[in-house]
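Asker: have a look; sequence and predicted model below, questions after that.
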Amino acid sequence: MESSSGGPGVQPIAFPLLKGQKALVTGANSGIGRATAVALGRVGADVVVNYVSGRDAAEEVVREIEGFGVRAYAHEADVSQEDQVVDMVAAMVKEFGTIDVMVANAGLQRDAPVTDMTLDQWHKVLDVNLTGQFLCAREATKEFLRRGVVPEVSRSAGKIICMSSVHQLIPWAGHVNYASSKGGVLMLMATLSQELAPFRIRVNAVAPGAIRTPINRSAWDTPEAEADLLRLIPYRRVGDPDDIANTVAVLASDLLDYVVGTTIYVDGGMTLFPGFATGG
């Protein structure tokens, strides 16, 4: 099981930034989602740990979160299925009373050259990575609007954080479905933000670069692979899940209450196009 404590030099945030708030993290039983769910619990939120498979891993995350003295439970749901998302948010409102933070993290890859990519591969990635985020945002927004701002809890009526990728900006040959889904997340986030900001609902995105997670293990798990990857990262280290989790925890808090409709790139400078560092 992957540790959520981060790599060398990555210190988890431990201040009660979200005390009393209720958060839902999709795809939270591994990788970035796991670290994010744990981070939100560490800073005081009660957390719903969503997963689509791997209940044992999800329950392990729940136990870790409960160790911070907050509440947590695991909920199985496929975010690409409308009825399951509706039921998940309704169950959370029944259990916790409301929702304050929606982290739409669940995502996957089905890679292939464009000439080999099947329609099923295309649809699966778009359905989870983009439609899933829309459904989660929609259902959370209904509760945010119903409840409104509760000043003693937060300055906002609710926070939606879309997990995107540097590939909402950087093309990625051989991954046209994934890159297209993340490009869609950029406009989904911005358009939702424009629509919902007048209701004091903050919608933002976090765009990870290369992060040490199981989904991309082959890109960093040997010295040779890591050296090749570091050529793309000016900061010269591969990110850890807590790099993303810490960003989400602060972004969800009132410390960044005036940040609206923004993507925060957490990528060690990958989006600086390091290939041009010597003049191209």
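Answerer: Structure's in. What do you need?
Asker: all strands of the stretch 51-200 of the chain, in order?
Answerer: Taking DSSP state E, counting those that start in this stretch, the strands of the stretch 51-200 of the chain run over residues 72-76, 101-104, 158-163.
Asker: quick check, distance from the second one to the centre of its chain.
Answerer: I take that to be strand 101-104. Between the centre of strand 101-104 and the centre of its chain there are 7 Å (Cα atoms, centre = their mean, to the nearest Å).
Asker: alpha carbons only: can I get it in PDB?
Answerer: The C-alpha coordinates for strand 101-104 follow below in PDB (Å, rounded to 0.1, in the frame of the first residue of the first chain):
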ATOM      1  CA  VAL A 101     -15.900  20.500  -0.400                       C
ATOM      2  CA  MET A 102     -16.100  18.400  -3.500                       C
ATOM      3  CA  VAL A 103     -12.800  17.100  -4.900                       C
ATOM      4  CA  ALA A 104     -13.500  15.600  -8.300                       C
END
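Asker: returning to what we had before: which of the strands of the stretch 51-200 of the chain is buried the deepest?
Answerer: Among the strands of the stretch 51-200 of the chain, the stretch with the highest mean neighbour count (mean count of other Cβ atoms under 10 Å) is strand 101-104, at a mean of 30. In short, each C-beta sits where N, CA and C put it, glycine included.
Asker: can you tell me what sits against it?
Answerer: 18, 21-26, 33, 36-37, 40, 45, 79, 132-133, 136-137, 140, 158-163, 248, 252 (Cβ atoms under 8 Å, 6 or more residues apart in numbering).
Asker: going by neighbour count, list what's buried in stretch 272-280.
Answerer: Residues of stretch 272-280 classed as buried: P274 (neighbour count, 16 or more other Cβ atoms under 10 Å).
Asker: quick one: contacts of it?
Answerer: Everything outside stretch 272-280 that qualifies as a contact, by Cβ under 8 Å, 6+ apart, is 231-234.
Asker: mind giving me the PyMOL command for buried ones among those?
Answerer: With 16+ other Cβ under 10 Å as the criterion, this PyMOL line picks the buried residues out of the contacts of stretch 272-280:
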select buried, resi 232+233
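Asker: which of the contacts of stretch 272-280 sit farthest apart?
Answerer: R231 and P234 (9.7 Å; Cβ to Cβ).
Asker: redo the contacts of stretch 272-280 as CSV? Include pLDDT.
Answerer: Formatted as CSV, the contacts of stretch 272-280 follow (pLDDT from 0 to 100):
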residue, pLDDT
R231, 93
L232, 93
I233, 96
P234, 96
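Asker: which members of the contacts of stretch 272-280 occur in helices, if any?
Answerer: Within the contacts of stretch 272-280, no residue falls in helices by DSSP state H.
Asker: now flag whichever of the contacts of stretch 272-280 is closest to V125.
Answerer: The closest of these, once distances to V125 are taken by Cβ to Cβ, is L232, at 22.1 Å.
Asker: look up the closest residue to the closest one, ignoring the ones flanking it.
Answerer: Nearest-residue entry for L232: M270, 5.6 Å, with adjacent residues in sequence omitted and distances by Cβ to Cβ, 6 or more residues apart in numbering.
Asker: kindly report the same for T36.
Answerer: Distances taken as Cβ to Cβ, 6+ apart place A245 nearest to T36, at 4.5 Å, with adjacent residues excluded.
Asker: quick one, phi/psi of the one you found?
Answerer: Backbone torsions for A245, taken as degrees, to the nearest 10, come to phi -60, psi -40.
Asker: these two touch, right, it and P12?
Answerer: Yes. With contact defined as Cβ atoms under 8 Å, A245 reaches P12; the gap is 7.3 Å.
Asker: the more surrounded of these two?
Answerer: Each of A245 and P12 has its neighbours counted (other Cβ atoms under 10 Å); A245 has more, 30 against 16.
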